[in-house]
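> Here is my input, please return the structure:
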Amino acid sequence: MKLKNSILPTVAVLGFLFACIVAARSQRAAPVAQPLTLPAQAPYTAYLGGSGIIEASTDNIGIGTSLPGIVRKVHVRVGDRVKTGSVLFELDGREYRSALDVKRAKLLQAQAAVSEAKASLQDYRTQFALMQNVKDNRAISMDEFEKRRNAERLATAKLESAIAAVTAADADVKAAETDVERLSVRATSDGEILQVNVHPGEYAATGTLATPLVRLGNLDDLHIRADIDENDAWRFRPGSKATAYLRGNRDIKIDLEFVRVEPYITPKTSLTGSSSERVDTRVLQVIFKFERSRLPVYVGQQVDVFIETTETAGASLSQERLRQ
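The predicted model follows:
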């Protein structure tokens, strides 16, 4: 009995000590996590900051196909340089080529019908001319005369119809030739292949695709599409100085040259992942350029962009007070 009475107080004391130790440890200040890389510092006294994304100077062109079908052959690989009109990939065109052969045969048939109609018209014209050259009207009947004249008119109409049929058949052939030509998907501009998302044997669909079949762009010069929050858009002035910093290494930077402003405020799509970032933010997009060789970046990579401005954020508050 004495042993049991001594165990309970001991357990209680040990539990109290354990609770005190846990409470003491929980009150220790957690060490501050050190960032892997330091953020870039703006080189201007008054500035606009925003995220930017690297693009080709021609924009990143997504290539699709106007005809659906199975891919027969892909002619390019990622990194290839292509010229305007270069074949990127081909679709299986046996069905379209067969249709072209049929329409070419119909064109030949229509052309033969024209030759036949011309010969028939010449025959009826000769017969009607003989009737017209008869000097004695009593030698022929008016009924026979009208019959020959109407036969010539009918032959003329048949020739015109045959010629129209040739025109229609020729248009069908050209349409079929266009379809066959469209089986070979070609580059729309000079550039470099950025992505190839289609392979032989795969089905290539038409329409707007989430992932283009082929993506290309001109990388001789690169563009940066910088997003400026719509609340700061009034502070931006075209032609302002701008500097881009490479994410992951703030020592790598480059001065940018202003290209244009896209004058349509658009929903922000290039998110940075910041906890304070709103997904419903609308932004003004400003395009800058720089030489590709001067910055080790890739298309699609994000950079931090700082744009010099003479307007400060506090100016809007002062102007509002003046209005009041």
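> ok, which stretches of the stretch 51-200 of the chain are helices?
94-132, 142-182 (DSSP state H, counting those that start in this stretch).
> Distance from the longest one to the middle of the chain?
Pointing back at helix 142-182 there. Distance, stretch centre to chain centre, for helix 142-182: 44 Å (Cα atoms, centre = their mean, to the nearest Å).
> cool, and the first one?
The offset between the C-alpha centroid of helix 94-132 and the centroid of the whole chain comes to 47 Å, using Cα atoms, centre = their mean.
> residues in contact with the residue nearest in space to the middle of the chain?
In the chain, the residue lying closest to the centroid (Cα atoms, centre = their mean) is residue 62, at 3.6 Å. Contact analysis of residue 62 by Cβ atoms under 8 Å, 6 or more residues apart in numbering lists 209, 212-215. To be clear about C-beta, it is placed using only N, CA and C from the backbone, and glycine gets the same treatment.
> domain ranges for the chain?
The chain breaks down by automatic domain parsing into domains covering 47-57+219-311, 64-87+184-212, 94-182.
> Out of the ones you listed, which is the most enclosed?
domain 47-57+219-311 (a mean of 16; mean count of other Cβ atoms under 10 Å).
> now the domains of the chain as TSV including distance to residue 17?
As requested, those are exported to TSV (distance: least, Cβ to Cβ, whole Å):
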stretch	distance to residue 17
domain 47-57+219-311	40
domain 64-87+184-212	61
domain 94-182	83
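> Please convert those domains to TSV, extending it with mean pLDDT.
Shown next, in TSV, are these (pLDDT from 0 to 100):
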stretch	mean pLDDT
domain 47-57+219-311	86
domain 64-87+184-212	93
domain 94-182	85
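> What is whatever helix or strand residue 306 lives in packed up against?
According to DSSP states H and E, residue 306 maps onto strand 302-308. Where contact means 3 or more Cβ pairs under 8 Å, 6 or more residues apart in numbering; DSSP states H and E, strand 302-308 is packed against strand 47-56, strand 221-229, strand 242-246.
> distance of residue 204 from residue 76?
14 Å (Cβ to Cβ, to the nearest Å).
> Residue 92 contacts residue 69, doesn't it?
Yes - using Cβ atoms under 8 Å, residue 92 is in contact with residue 69, at 5.5 Å.
> Overlap in contacts, the two.
residue 183.
> Show me the beta-bridge partners of the residue nearest to the centre of the chain.
residue 215 (DSSP bridges).
> where does it land on pLDDT?
Looking at residue 62, its pLDDT reads 93.
> Also residue 33?
pLDDT at residue 33 comes out at 61.
> Look up which helix or strand residue 39 falls in, please.
Per DSSP H and E, there is no helix or strand for residue 39.
> so what's the closest residue in space to it that isn't next to it in sequence up against?
Closest residue in space to residue 39, ignoring its immediate chain neighbours: residue 250 at 6.8 Å, by Cβ to Cβ, 6 or more residues apart in numbering. Residue 250 sits next to 37-41 when contact means Cβ under 8 Å, 6+ apart.
> Just name the closest of those residues to residue 150, please.
residue 40 (91.8 Å; Cβ to Cβ).
> just checking, the closest one touches residue 306?
Yes - the pair residue 40 / residue 306 is scored as a contact, 7.5 Å apart, by Cβ under 8 Å.
> Now the common contact residues for those two.
Common neighbours of residue 40 and residue 306 (Cβ under 8 Å, 6+ apart) are residue 245.
> quick one: residue 152 from residue 40, how far?
Applying Cβ to Cβ to residue 152 and residue 40 gives a distance of 90 Å.
> Which strands and helices lie in contact with the longest strand belonging to the chain?
Under DSSP state E, the strand in the chain containing the largest number of residues is strand 253-267. For strand 253-267, the packing partners by 3+ Cβ pairs under 8 Å, 6+ apart come out as strand 242-246, strand 282-291.
> The same query, at a cut-off of 10 Å, please.
For strand 253-267, the packing partners by 3 or more Cβ pairs under 10 Å, 6 or more residues apart in numbering; DSSP states H and E come out as strand 221-229, strand 242-246, strand 282-291, strand 302-308.
> when you compare where it runs with where strand 221-229 runs, what's the angle?
Taking axes from the mean of the first three to the mean of the last three Cα atoms, to 10 degrees, strand 253-267 and strand 221-229 form an angle of 50 degrees between their directions.
> how about the CA coordinates for strand 253-267, as PDB?
Extracted C-alpha coordinates of strand 253-267, given in PDB (Å, rounded to 0.1, in the frame of the first residue of the first chain):
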ATOM      1  CA  LYS A 253      21.500  42.300 -64.900                       C
ATOM      2  CA  ILE A 254      21.000  44.100 -68.200                       C
ATOM      3  CA  ASP A 255      19.700  47.500 -69.400                       C
ATOM      4  CA  LEU A 256      16.600  47.200 -71.600                       C
ATOM      5  CA  GLU A 257      15.400  49.100 -74.600                       C
ATOM      6  CA  PHE A 258      11.800  50.200 -74.800                       C
ATOM      7  CA  VAL A 259       9.800  48.600 -77.700                       C
ATOM      8  CA  ARG A 260       6.100  49.300 -77.200                       C
ATOM      9  CA  VAL A 261       3.200  49.300 -74.800                       C
ATOM     10  CA  GLU A 262       0.300  47.000 -75.300                       C
ATOM     11  CA  PRO A 263      -2.600  49.400 -74.600                       C
ATOM     12  CA  TYR A 264      -5.000  46.800 -73.200                       C
ATOM     13  CA  ILE A 265      -5.100  46.100 -69.400                       C
ATOM     14  CA  THR A 266      -5.200  42.300 -69.200                       C
ATOM     15  CA  PRO A 267      -5.600  39.800 -66.300                       C
END
